[in-house]
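Visitor: generate coordinates for the sequence data below:
(one chain, ligands or ions: 1)
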Amino acid sequence: MPGDSEVYGESVLVVFSDLDGTLLDSVTYHFQPAQPALDALRASGIPLVLTSSKTRAEMEYWRRRLDNRHPFVVENGGAIYVPEGYFPFSLPGAIRREGYEVIELGRPYLELVRALDEAAEETGIPVLGFYRMRVGQIRGRAKLPLAMARLAKQREYDEPFEIRGSHPPDPLLKAIERRGLRWTRGGRFYHVMGENDKARAVSVLIEAYRRIEPELYTVGLGDALNDVEFLRLVDIAVIVRSPAADEMQAALPAARVTQAPGPEGWNEAIRSVLESCRHSEMVP
Ligand SMILES: [Mg+2]
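Guide: Model (predicted):
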């Protein structure tokens, strides 16, 4: 339910987590193997902030499935949604919308679509973005049920795309940068976006939590390159096993890497973090 809120309960620990390939299985989108760790977080009152490239519509679906009532980050940091009343103060620059305080960090979607088209034309590298994909094509590529593919198409701040054929991506990515935009790569798609990234959104939220709990300790989990920047910000960075794990670890030498991919790895990592925090009496 939009805005269905709880109040931040002064936990010293906050967990920021990617969804696809991290908390959700990259193929089946199941999260059940992570249920013991999800239950343990809830029992200790530790916020779980979902930090994804998914749209708000998709995130609301997953928050319901996960019974999560904490703030969340959509579309690679395009916006932060905080349930109204979650923090005992208003966040700077937030606008009120449907039970949330929303901080928009991204650029308007149609601007991104236009710039991607221009970059493709300029470099002769053909692309196919979600804007021009039919829902059925998104469903096939992202292996999503049709209803979920429809939610994935409701984009506001980030355009996922694929490069058609076997072109080297660099000239296209440079052409995107020349337009003052950024790009990243998730588990399945490239993404074009404004000055936002997950890290900027996560840092806004860490600052908000720290206003209440100055000793805040942060954990982050991710499985792809679009997670590296926010994983640099947290006290404990966890790379959930994936084909990008080695590349990520080169950028994050202090990060832990799970043995298992997806929700099994997530479960393993959170349980071990909670175990070590219990030893230091950070969590009950
Ligand atoms: Mg991912």
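Visitor: got the residues of the stretch 51-200 of the chain near the ion?
Guide: Taking CB under 5 Å from the ion, the part of the stretch 51-200 of the chain that reaches the ion is made up of G187. Just so you know, the C-beta spots here come from the backbone N, C-alpha and C atoms, and that holds for glycine as well.
Visitor: confirm F16 sits in a strand?
Guide: Yes. According to DSSP: H, G, I helix; E, B strand; the rest coil, F16 belongs to a strand.
Visitor: distance from the chain centre to the helix or strand where L128 lies, please.
Guide: Following DSSP states H and E, one finds L128 within strand 127-129. The chain centroid and the centroid of strand 127-129 are separated by 21 Å under CA atoms, centre = their mean, to the nearest Å.
Visitor: show me what the very next helix or strand once past that strand is packed against.
Guide: Where DSSP H and E defines the elements, the next helix or strand beyond strand 127-129 is helix 135-142. In terms of contacts (3 or more CB pairs under 8 Å, 6 or more residues apart in numbering; DSSP states H and E), helix 135-142 is packed against helix 146-152.
Visitor: now do the buried residues in the helix it packs on.
Guide: Neighbour-count burial for helix 146-152, counted by 16 or more other CB atoms under 10 Å, picks out M148, A149, L151, A152.
Visitor: what's it in contact with?
Guide: 29, 54-55, 57-58, 61, 130, 135-136, 138-139, 142, 144 (CB atoms under 8 Å, 6 or more residues apart in numbering).
Visitor: if we can go back for a sec, what are the pairing partners of the strand holding L128, and which direction each?
Guide: Taking DSSP bridges as the criterion, strand 127-129 pairs within the sheet with strand 158-163 (antiparallel).
Visitor: pull the CA atoms of the partner strand into PDB?
Guide: What follows is strand 158-163, C-alpha atoms only, in PDB (Å, rounded to 0.1, in the frame of the first residue of the first chain):
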ATOM      1  CA  ASP A 158      16.200   5.600 -16.300                       C
ATOM      2  CA  GLU A 159      16.100   3.900 -19.700                       C
ATOM      3  CA  PRO A 160      17.400   0.300 -19.900                       C
ATOM      4  CA  PHE A 161      18.600  -0.700 -23.300                       C
ATOM      5  CA  GLU A 162      20.500  -3.300 -25.200                       C
ATOM      6  CA  ILE A 163      23.000  -2.900 -28.000                       C
END
